[in-house]
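[1] this one's sequence-less:
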């Protein structure tokens, strides 16, 4: 086996295995081998058929990936591991654009394609990943929209699931009265700079706000996985699973 291949460690398998679906009927193909292959493909931006033979048949890797993604397995792993260890004294919210490859953006005769959460901006076709992190910049919630979607949409979707935190850090793109009221109603203090157009600026803790670079660093690390920085998957749930699994591997195991 090549030294360049990725293999999950015993500790990583122990952290993941509690969330695996139970095998029914015939015994499932080796979990370590298949999941290691899934990580390798997503991290290196490969086509599934280009996965090393050491991981077994590429069809097995792809089928397991699609099936577990649609079952929400990887999303549940992220939420469960984050809830067990997260530091929510301070939380952060932000969003980033992710370029869409032509294989994902091809609509094949369908009209609209909005359900794929792919949109057009000045940078071309892309999706937008909205994230909430804990105080250390580790992702605890993820949400996907089309690229042209306002940050407010992600904030509105993520607001009900925010953990009980003291403070939320966000850039001025989240400076909206309804969002501030929603945070305060949940007992969370907003630390958000005022928009330049606001007549009366709302003070914020500038020293605390400097910690917001942690969520930006988190996005940078996620984009080191090539099938995340460039979206190849047509289906939004499959792509969001890649984001969730990368978050698990990078920050929670």
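    Happy to help now that I have it. What you see is a predicted model, and the numbers here were worked out from it, not measured in a lab.
[2] switch to C-alpha atoms for all contacts and neighbour counts from now on
    Will do.
[3] what packs against the helix-or-strand element of the chain with minimal mean pLDDT?
    Taking mean pLDDT, DSSP states H and E as the measure, helix 102-105 is the helix or strand of the chain with the lowest mean score, a mean of 78. Contacting helix 102-105 under the criterion 3 or more C-alpha pairs under 8 Å, 6 or more residues apart in numbering; DSSP states H and E is no other helix or strand.
[4] which residues make contact with that helix from outside it?
    The contact list for helix 102-105 (C-alpha atoms under 8 Å, 6 or more residues apart in numbering) reads 118, 125, 231-235.
[5] And the average pLDDT for whatever helix or strand residue 184 lives in is what?
    Element membership of residue 184 [criterion: DSSP states H and E] is helix 177-185. Averaged over helix 177-185, pLDDT sits at 97.
[6] what's that helix packed up against?
    Using 3+ C-alpha pairs under 8 Å, 6+ apart: helix 177-185 touches strand 189-191.
[7] Mind doing that once more with 10 Å?
    helix 151-158, strand 167-169, strand 189-191 (3 or more C-alpha pairs under 10 Å, 6 or more residues apart in numbering; DSSP states H and E).
[8] thinking again about what came up before, how distant is the least confident helix or strand of the chain from the center of its chain?
    19 Å (C-alpha atoms, centre = their mean, to the nearest Å).
[9] Quick check: the gap between residue 146 and residue 231.
    Per C-alpha to C-alpha, to the nearest Å, residue 146 is found 12 Å from residue 231.
[10] thinking residue 173 is in contact with residue 153, fair?
    No - look at residue 173 against residue 153 with C-alpha atoms under 10 Å: they stay out of range, at 11.4 Å.
[11] any idea how far residue 16 is from residue 35?
    On the measure of C-alpha to C-alpha, residue 16 and residue 35 end up 10 Å apart.
[12] ok, now residue 130?
    Residue 130 is 25 Å from residue 35, by C-alpha to C-alpha.
[13] Does residue 125 belong to a helix, a strand or coil?
    What DSSP: H, G, I helix; E, B strand; the rest coil gives for residue 125 is strand.
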